[in-house]
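*Asks:* can you look at this prediction? I've put the sequence above it.
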Amino acid sequence: MSLSHLERLEAESIHILREVLAECDKPVMLYSIGKDSAVMLHLAQKAFFPGKLPFPLLHVDTTWKFREMIAFRDETAKRLGAELLVHTNQDGVAQGITPFGAGSRTYTDIMKTEGLKQALDHYGFDAAFGGARRDEEKSRAKERVFSFRTAEHRWDPKNQRPEPWKLYNTRKKPGESIRVFPLSNWTEMDVWTYIAEQNIPVVPLYFAKPRPVVKRSGAWIMVDDTRLPLEPGEVPQLKTVRFRTLGCYPLTGAVESEADTLDDILSEMRESRSSERQGRLIDHDGAASMEKKKQEGYF
Amino acid sequence: MASALSSFRRDTDPPVASNRKTLLRFITCGSVDDGKSSLIGRVLFESGSVPEDQLATLEADSKKFGTQGAALDYALLVDGLSAEREQGITIDVAYRYFATPKRSFIVADTPGHEQYTRNMATGASTADLAIILVDARKGILPQTRRHSLIVSMVGVKTVIVAVNKMDLVDYSPFVFHAIERAYHDIAKALNIPHVTVIPVSAVAGDNIAAPSTHTPWYHGPSLIDVLETVEVESVTSNAGFALPVQWVNRPDSSFRGYAGLIASGRIAPGDAITVVPSGRSAVIKRIVTYEGDLDHAEAGQSVTLTLDREIDISRGDVISSSRQPITAAKALSARVLWMSAEPLDAQKSYLAKLATTTVSAFVKAPETLLDIETYQEKHVETVGINSIFTTLVTFDRLIAVSPYGDNRDLGSFILIDRLSNEVVALGLVVTVDELARGLPVEAPPVKRLVFSHDPLRRSLLKTASFAITTLLLAALLFAVGPALLAGSVFALAEIVLFFAHERVWATTRAGLPIEKEFISSGEGI
Ligand SMILES: Nc1nc2c(ncn2[C@@H]2O[C@H](COP(=O)(O)OP(=O)(O)OP(=O)(O)O)[C@@H](O)[C@H]2O)c(=O)[nH]1
Ligand SMILES: [Mg+2]
């Protein structure tokens, strides 16, 4: 019997997780609460079973996440008995940085990228797992599984280390760190198929439900709390929507959908003609924007 | 193009089947600008794997950076770095994923530039199949030969030669057949068993998803036909069980498990195992996974094993079948691809990472390199970037290794520079038995004197020689002077004589069984 596609992917991810634990001093898992994080966390439980998770989870909280995400995050940490670290860039909060108006251009840089760097530096983590997949975006498609960052957290896409076979060179100089992507070779379809097959809990926002939304630059934005400033004449309406990707609520577009089960999601995806990240407003500002953010230290 | 699209469906079958679908990993390679990225972009497009929003982006990007005028530049779907788009070249591997009703694919689009050969090798190392592109106008170039060599070196057995840009040579069968013949010579020289040569145009879409009307003289399959149907040989089918230990799992004192990815073979509880290099033996007790214990496991699975007794095992050790234990070696002959601008230094201690072990390694300077024009050995002075050669690599201790042909995970390694942390080379184990050509593996045996005393034979010899010397001295003295004087001189002279006689004997081994009193001692000196 030969292994199926998903079995091969699973074995590869577990191998990557264990390699980091064996070779790095202080690993951490970036937990962004989405479906990819859910799968990555599930794989980590498998990798270290019967032991518990041998590293903490880190959530960089911009204070603008969906409320259901935060509830799900705390529930998950409790269910698994995992250590959860939550970091918010307090300088950003003090400066009044929000995803709206004048501050919106620097919002991602300050609340996400800077917040992440602060947390990694503060705890001195030398390796951080992230749930990014190569099929998400064209510069991700170019990134190694073990992605090196300078002491300033910069990525040099033109000078990546060769990574033949399963041989990962984890050596680094003081201050340098590694971002590790165990799901590099998974596709969105693989992730959902695996979630269905393994019964992995995910945030309910992925399933269709009537939700209060407003239309902004062609995307349905959910009115998750009273902080969302409504434009004159703008009235939230109830629409049956779901999310393909989760981030900060004012920047994450919902799709109109009736898919409220995993089976529905899978068949909807097979019909879909648009990409997962289309709903992410931050990816669109400027060509090659993801690559630039990554060079600056974004995950 | 319309016909191509209709003959090629998207992945729309139910999920259950898609789980069991086989996976093919392949790469595109070949010389600069032969059209590798354009071809992959085209394949993604035709397989319906490009979402609408990305197509809209592609249209805008093609106008901005495109090399095809107003038309779509499919290479921009894969060349994702801004430096690549600005220069119109590929710098590093792009990994892309797509599926057809028959298979899932992972494709690595690799760079053609010689400067980025290390990135091409990274992509090639995990490929089951390689598409080697040749520009119909240029024919086979040195980089075509170099990439073919690397592909065959890492064990790719199936090659598709895509003779591209047929639109620019008026779909000439003569041009195509000349390249086809020339490539068959390469395949023969490199022992590549399965080669299919296809005339294509990445830009016009000929013979990619369906047969093209531009090439009525070509009767072979389309590119995607081959990708969907080709059988891929598995490499480690008859190797014995081996699991390089990645990590020892000890959550509490009651559990001790050895975690790793099975490199080869199959294992079940009750199987006898030998740990390499220590040679200790035990029996498999459980195969532990999150889903529960397994009754067997096989190559490719990540598992945790427990044993029936406590033995010393740590990361880097290999748990292998007792019937077919992996060999342990301190030196081996390896095929090496040098990837650093810094030339090889035979005096320098590098780090070698092989499976889960990291050891100090010395690399002997090779006398010859493989010449990519002739695939023959050529004499050289220094080993520089992209050199390919076979040489002796020695480690500071015994490690478990296998020839690459038998076991990929235990037969491949990288060399790391200790100071810069750069990966300077990748290597494949050729032989582990035929060691030590030119370098001692073990320290030579040293002889050490432990014990020696005069045996009876030597005492008798000494007595005889002393008696003769004394008699001669006495005869001399009594012959020349009065008896009284001679007597007292004799008594004094005899003491001096005894000393001189003893010193003369001390210089000779006569009668001493010296050889037998030495012992041989290897280790520890
Ligand atoms: N007319 C024609 N042009 C082509 C064809 N395939 C590729 N090209 C053009 O050839 C040029 C190089 O194409 P790429 O796909 O970037 O080549 P590459 O092999 O990926 O290049 P590197 O990755 O940098 O080695 C581009 O201008 C393409 O548009 C073809 O079939 N016909
Ligand atoms: Mg290219």
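*Replies:* Received, thanks. Ligands and ions are numbered 1, 2, ... in the order given.
*Asks:* how about the residues of chain B near ligand 2?
*Replies:* Proximity of chain B to ligand 2 (Cβ under 5 Å from the ion) is limited to residues B:36-37, B:90. No exception for glycine: its C-beta is placed from N, CA and C like everyone else's.
*Asks:* does chain A have contacts with stretch B:128-144?
*Replies:* No: using Cβ under 8 Å from any Cβ of the partner chain, stretch B:128-144 stays clear of chain A, coming no nearer than 11.8 Å.
*Asks:* mind checking the end-to-end distance for that stretch?
*Replies:* Using Cα to Cα, to the nearest Å, the end-to-end distance of stretch B:128-144 comes to 18 Å.
*Asks:* what's the answer for stretch B:215-225, then?
*Replies:* 16 Å.
*Asks:* quick one on the thing from earlier: filter the residues of chain B next to ligand 2 down to the ones in helices?
*Replies:* B:36-37 (DSSP state H).
*Asks:* now the residues of chain B next to ligand 2: which count as buried?
*Replies:* B:36-37, B:90 (16 or more other Cβ atoms under 10 Å in any protein chain shown).
*Asks:* quick check, nearest of these to B:Pro111?
*Replies:* B:Pro111 lies nearest to B:Thr90 out of these, by Cβ to Cβ, at 4.1 Å.
*Asks:* looks like that closest one contacts B:Thr110 (just checking).
*Replies:* Yes: B:Thr90 is in contact with B:Thr110 according to Cβ atoms under 8 Å; the separation is 7.2 Å.
*Asks:* which neighbours do those two have in common?
*Replies:* When contacts are counted by Cβ atoms under 8 Å, 6 or more residues apart in numbering or on different chains, the set common to B:Thr90 and B:Thr110 consists of B:36, B:116.
*Asks:* where's the residue in the stretch 151-299 of chain A that ligand 1 sits nearest to, which helix or strand?
*Replies:* Going by Cβ to the nearest ligand atom, ligand 1 is nearest to A:Lys158 of the stretch 151-299 of chain A, at 13.4 Å. Following DSSP states H and E, there is no helix or strand that holds A:Lys158.
*Asks:* same deal with A:Asp36?
*Replies:* Assigned by DSSP H and E, A:Asp36 falls in helix A:35-48.
*Asks:* A:Asp121 too?
*Replies:* Going by DSSP H and E, A:Asp121 is in helix A:115-123.
*Asks:* looking at the stretch 401-525 of chain B, which residue is nearest chain A?
*Replies:* B:Asn421 (4.3 Å; Cβ to the nearest Cβ).
*Asks:* for that residue, what are its contacts?
*Replies:* Counting by Cβ under 8 Å, 6+ apart, B:Asn421 touches A:169, A:171-173.
*Asks:* from the residues you listed, which is closest to B:Ser459?
*Replies:* A:Arg171 (67.6 Å).
*Asks:* quick check, the residue in chain A closest to ligand 1?
*Replies:* Closest point on chain A to ligand 1, by Cβ to the nearest ligand atom, is A:Lys142, at 12.3 Å.
*Asks:* and for residue 269, the neighbour number?
*Replies:* Using chain A. 16 (other Cβ atoms under 10 Å in any protein chain shown).
*Asks:* my question was about chain B
*Replies:* B:Pro269 has 17 nearby residues by other Cβ under 10 Å.
*Asks:* list the buried residues in the helix or strand following the helix holding A:Asp121.
*Replies:* Of the helices and strands lying after helix A:115-123 in sequence (DSSP H and E), the nearest is strand A:127-129. For strand A:127-129, the neighbour count (16+ other Cβ under 10 Å) marks A:127-129 as buried.
*Asks:* tell me what strand A:127-129 is packed against?
*Replies:* helix A:5-23, strand A:27-30, strand A:177-180 (3 or more Cβ pairs under 8 Å, 6 or more residues apart in numbering or on different chains; DSSP states H and E).
*Asks:* determine the longest strand present in the chain.
*Replies:* Just so you know, I chose chain A. The residue-count maximum for a strand in chain A (DSSP state E) belongs to strand A:209-216.
*Asks:* I was after chain B.
*Replies:* Per DSSP E, chain B has its longest strand at strand B:388-401.
*Asks:* in that one, which residues are buried?
*Replies:* Using 16+ other Cβ under 10 Å as the test for burial, strand B:388-401 gives B:388-395, B:398-401.
*Asks:* likewise for stretch A:254-268?
*Replies:* So, applying 16+ other Cβ under 10 Å, buried residues of stretch A:254-268: A:254-255, A:257, A:259, A:262, A:265-266, A:268.
*Asks:* dump the helix or strand hosting B:His177 to PDB, restricted to CA.
*Replies:* In this structure, B:His177 sits in helix B:173-190 according to DSSP H and E. Extracted C-alpha coordinates of helix B:173-190, given in PDB (Å, rounded to 0.1, in the frame of the first residue of the first chain):
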ATOM      1  CA  PRO B 173       9.600  18.700 -37.800                       C
ATOM      2  CA  PHE B 174      13.300  18.800 -38.800                       C
ATOM      3  CA  VAL B 175      14.300  21.100 -36.000                       C
ATOM      4  CA  PHE B 176      12.300  18.900 -33.600                       C
ATOM      5  CA  HIS B 177      13.800  15.600 -34.700                       C
ATOM      6  CA  ALA B 178      17.300  16.900 -34.600                       C
ATOM      7  CA  ILE B 179      16.900  18.000 -31.000                       C
ATOM      8  CA  GLU B 180      15.100  14.700 -30.200                       C
ATOM      9  CA  ARG B 181      18.100  12.700 -31.500                       C
ATOM     10  CA  ALA B 182      20.600  14.900 -29.700                       C
ATOM     11  CA  TYR B 183      18.800  14.500 -26.400                       C
ATOM     12  CA  HIS B 184      18.600  10.700 -26.800                       C
ATOM     13  CA  ASP B 185      22.400  10.700 -26.800                       C
ATOM     14  CA  ILE B 186      22.400  12.600 -23.500                       C
ATOM     15  CA  ALA B 187      19.800  10.200 -22.000                       C
ATOM     16  CA  LYS B 188      22.000   7.300 -23.000                       C
ATOM     17  CA  ALA B 189      25.200   8.800 -21.500                       C
ATOM     18  CA  LEU B 190      23.400   9.500 -18.300                       C
END
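*Asks:* please identify the buried residues of that helix?
*Replies:* B:175-176, B:179-180, B:183, B:186-187, B:190.
*Asks:* before we move on, back to that, what's the next secondary structure element after the longest strand of chain A?
*Replies:* strand A:219-222.
*Asks:* so what does that next one touch, helix or strand wise?
*Replies:* For strand A:219-222, the packing partners by 3+ Cβ pairs under 8 Å, 6+ apart are strand A:209-216, strand A:237-242, strand A:253-256.
*Asks:* against which helices or strands is the second one packed?
*Replies:* Counting contacts by 3+ Cβ pairs under 8 Å, 6+ apart, strand A:237-242 is packed against strand A:209-216, strand A:219-222, strand A:253-256.
*Asks:* can I get the second one as PDB, trimmed to CA atoms?
*Replies:* If I follow you right, that is strand A:219-222. Extracted C-alpha coordinates of strand A:219-222, given in PDB (Å, rounded to 0.1, in the frame of the first residue of the first chain):
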ATOM      1  CA  ALA A 219     -16.400  43.400  -0.100                       C
ATOM      2  CA  TRP A 220     -18.900  42.500   2.700                       C
ATOM      3  CA  ILE A 221     -17.500  43.800   6.000                       C
ATOM      4  CA  MET A 222     -19.000  42.400   9.100                       C
END
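*Asks:* pretty sure the residue of the stretch 401-525 of chain B closest to chain A sits in a strand.
*Replies:* No: applying DSSP: H, G, I helix; E, B strand; the rest coil, one finds B:Asn421 to be coil, outside a strand.
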